[in-house]
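S.K.: Kindly generate the corresponding structure for this input.
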Amino acid sequence: MNPIHSNDAITKELFIECRPETLFAFFTDPDKLVRWMGRHVLLDPSIGGKYRIDINGSDIAMGEYKEIVPNEKIVMTWGWEKSKTVPPGSSTVEFKLTSHRNGTLLTLTHYGLPTAKEIASHEQGWTHYMARIQTLGQGMDPGKDPWSEQAMH
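M.R.: The predicted structure follows:
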């Protein structure tokens, strides 16, 4: 995974040996999303639909779905429930799924983070969670998220 930086965006690309349809469900089905991120997940995967991902009991990611192209792209606003720096809806995460050889190229771009510190923090977070979704997408169990027991912020 090579991070590509612009001024306020994180971009990560990852090849996952599974079909885009398989991977897409890990962003839209709460029972599948919770296997790679968070301990409690509520999703309304429709345009304008809200989501809530409780990572560890105190860090709770919230936002809404902005664009959904089945098996190709998900765009959602992103923020943290109690954050003054990155409040819900203040940044945007885009997941692109591109069919590639015998799998899917997953490209994550997180735009609109306000500070270098937040970019670094989210970079670390997405590195952690991209590895977990890769494991899951390839049919293995990443196990319980070690971050679900500790506060990050």
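S.K.: What ranges does the protein have for its strands?
M.R.: 4-5, 10-16, 40-43, 50-54, 60-69, 73-80, 91-100, 103-111 (DSSP state E).
S.K.: And the fifth one, what's buried?
M.R.: When neighbours are counted by 16 or more other Cβ atoms under 10 Å, the buried residues of strand 60-69 are found to be 60-66, 68. Just so you know, the C-beta spots here come from the backbone N, C-alpha and C atoms, and that holds for glycine as well.
S.K.: Check the fourth one too.
M.R.: Residues 50-54 are the ones in strand 50-54 that count as buried (16+ other Cβ under 10 Å).
S.K.: In JSON lines, list those residues along with pLDDT.
M.R.: Compiled in JSON lines, the buried residues of strand 50-54 are given as follows (pLDDT from 0 to 100):
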{"residue": "K50", "pLDDT": "97"}
{"residue": "Y51", "pLDDT": "97"}
{"residue": "R52", "pLDDT": "97"}
{"residue": "I53", "pLDDT": "97"}
{"residue": "D54", "pLDDT": "96"}
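S.K.: Of these, which is the nearest to R35?
M.R.: For the buried residues of strand 50-54, the closest approach to R35 (Cβ to Cβ) belongs to I53, at 12.2 Å.
S.K.: so who does the closest one touch?
M.R.: Contact analysis of I53 by Cβ atoms under 8 Å, 6 or more residues apart in numbering lists 33, 37-38, 40-41, 60-62.
S.K.: who's it bridged to?
M.R.: Per DSSP bridges, the residues bridged to I53 are V41, A61.
S.K.: And the furthest pair within the buried residues of strand 60-69?
M.R.: Taking every pair in the buried residues of strand 60-69 and measuring Cβ to Cβ, the maximum separation is 21.9 Å, between I60 and I68.
S.K.: Out of the strands of the chain, which is closest to D141?
M.R.: Once the strands of the chain are compared by Cβ to Cβ, strand 10-16 is nearest, at 15.0 Å.
S.K.: Report all helices and strands that that closest one contacts.
M.R.: Here strand 10-16 touches strand 4-5, strand 103-111, helix 116-137, going by 3 or more Cβ pairs under 8 Å, 6 or more residues apart in numbering; DSSP states H and E.
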